[in-house]
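Enquirer: Turn this into a model:
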Amino acid sequence: MAGGNFMHRVISYVVNELVVNGLANSPAFQRFAVRTSRKIEDISNMAAQKRRELAEQVEEFSKNFESKDQRPR
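Expert: Numbers count the residues shown, from 1 in each chain. All right, here's what the predicted structure looks like:
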């Protein structure tokens, strides 16, 4: 059983090295990685902007609600 585990680790290591080196040296994969990274960064920035806008709207709504609630009845 121990021999099988050792062989699995060796094969896994060799395959991992081949795949990693192949992708690292691939211009197409590098372009894909850069495009993906930029898109994720853009989406993250848009989400942060929307979060700020929503926080401002909630704060404004809260102020309006409080000012209407404080009027004499």
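Enquirer: any weak-confidence spans in the chain?
Expert: 1-3, 69-73 (pLDDT under 70).
Enquirer: roughly how far is the lengthiest helix in it from the heart of the chain?
Expert: Assignment by DSSP state H gives helix 27-69 as the longest helix of the chain. Centroid separation between helix 27-69 and its chain, computed with C-alpha atoms, centre = their mean, to the nearest Å, is 13 Å.
Enquirer: In space, not sequence, find me the middle residue of the chain.
Expert: The centroid of the chain falls nearest to Ile40 when counting by C-alpha atoms, centre = their mean (6.0 Å).
Enquirer: how much space is there between that residue and Gln30?
Expert: The gap separating Ile40 from Gln30 is 16 Å, by C-beta to C-beta, to the nearest Å. The way it works is simple: take the backbone N, C-alpha and C, and place the C-beta from them, glycine included.
Enquirer: same question, Met46
Expert: 25 Å.
Enquirer: next one: Ala47
Expert: 26 Å.
Enquirer: give the contact list for Met7.
Expert: Contact analysis of Met7 by C-beta atoms under 8 Å, 6 or more residues apart in numbering lists nothing.
Enquirer: That one sits in which helix or strand?
Expert: Per DSSP states H and E, Met7 falls inside helix 2-24.
Enquirer: mind saving the C-alpha coords of that helix as PDB?
Expert: The C-alpha trace of helix 2-24 is given here as PDB (Å, rounded to 0.1, in the frame of the first residue of the first chain):
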ATOM      1  CA  ALA A   2       2.800   2.400   0.800                       C
ATOM      2  CA  GLY A   3       4.400   1.900  -2.600                       C
ATOM      3  CA  GLY A   4       1.100   2.900  -4.300                       C
ATOM      4  CA  ASN A   5       1.000   6.100  -2.200                       C
ATOM      5  CA  PHE A   6       4.500   6.900  -3.200                       C
ATOM      6  CA  MET A   7       3.900   6.400  -6.900                       C
ATOM      7  CA  HIS A   8       0.800   8.500  -6.700                       C
ATOM      8  CA  ARG A   9       2.800  11.300  -5.100                       C
ATOM      9  CA  VAL A  10       5.500  11.100  -7.800                       C
ATOM     10  CA  ILE A  11       3.000  11.100 -10.600                       C
ATOM     11  CA  SER A  12       1.100  13.900  -9.100                       C
ATOM     12  CA  TYR A  13       4.200  16.000  -8.700                       C
ATOM     13  CA  VAL A  14       5.400  15.400 -12.300                       C
ATOM     14  CA  VAL A  15       2.000  16.200 -13.700                       C
ATOM     15  CA  ASN A  16       1.700  19.300 -11.600                       C
ATOM     16  CA  GLU A  17       5.100  20.500 -12.700                       C
ATOM     17  CA  LEU A  18       4.300  19.900 -16.400                       C
ATOM     18  CA  VAL A  19       1.000  21.700 -16.100                       C
ATOM     19  CA  VAL A  20       2.300  24.700 -14.100                       C
ATOM     20  CA  ASN A  21       5.300  25.200 -16.400                       C
ATOM     21  CA  GLY A  22       3.200  24.800 -19.500                       C
ATOM     22  CA  LEU A  23       0.700  27.400 -18.300                       C
ATOM     23  CA  ALA A  24       3.400  29.800 -17.000                       C
END
